[in-house]
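1. Need a 3D model of the sequence below.
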Amino acid sequence: CLLDGFSIVVMTLPIALPMVTAAGFDPIWFGIYLILMVEVSQITPPVGFNLFVIQGLTGEPIMNIARYALPFFFLMLLTTAILTVFPQIALYLPELMVTK
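-> Numbers count the residues shown, from 1 in each chain. Here you go, the predicted model:
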């Protein structure tokens with residue numbers, strides 16, 4: 001990964017959001033999905049940006065850090081799958097804020 005998460009969002013959102021809304025997806029759901037996927041990319045072993053930051057801070061070998069991050073990686077993928085199948089989870093609180 002050559003870019004941090006903020007840069008990825010700033011560069012891809014202006015291109016992807018019009019396509020997503022034209023396809024009929026909720027922009028709030030897409031924002032949550034995008035941030036979750038960016039965070040997954042930041043801890044993807046063995047080249048995730050955050051893994052190198054932790055390696056620099058602790059001095060541990062990168063493969064040990066990647067092995068320790070692997071359960072969190074799979075949990076985030078599971079969360080992404082659940083969010084994809086049940087988008088109402090991400091939209092529950094925003095829908096409560098809408099005045100009826």
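2. in this protein, which residue is closest to the centre?
-> L36 (2.0 Å; Cα atoms, centre = their mean).
3. ok, and the closest non-adjacent residue to that one?
-> Excluding the flanking residues, the one nearest L36 by Cβ to Cβ, 6 or more residues apart in numbering is T80, at 5.6 Å. In short, each C-beta sits where N, CA and C put it, glycine included.
4. ok, I32 touching Y92?
-> No - when contacts are counted by Cβ atoms under 8 Å, I32 is not listed as touching Y92 (11.2 Å).
5. now the helices for the chain?
-> 5-22, 27-42, 49-58, 62-85, 88-97 (DSSP state H).
6. low-confidence ranges in the protein?
-> Where the chain drops to pLDDT under 70, the residues are 1-2, 100.
7. Apply 80 and report the result again.
-> For the chain, the stretches flagged by pLDDT under 80 are 1-3, 45-47, 99-100.
8. coming back round to it: and the gap between the residue nearest to the centre of the chain and M63?
-> 25 Å (Cβ to Cβ, to the nearest Å).
9. Equivalent analysis for M19, please.
-> 38 Å.
10. G48 now?
-> 13 Å.
11. So between those two, which is more surrounded?
-> Per other Cβ atoms under 10 Å, whichever of G48 and M63 has more neighbours is G48, with 21 against 12.
12. quick one: contacts for the residue nearest to that one when sequence neighbours are not counted?
-> Nearest in space to G48, with sequence neighbours left out and distances taken as Cβ to Cβ, 6+ apart, is Q42 at 5.2 Å. The neighbourhood of Q42, defined by Cβ atoms under 8 Å, 6 or more residues apart in numbering, consists of C1, D4, G5, G48, F49, N50.
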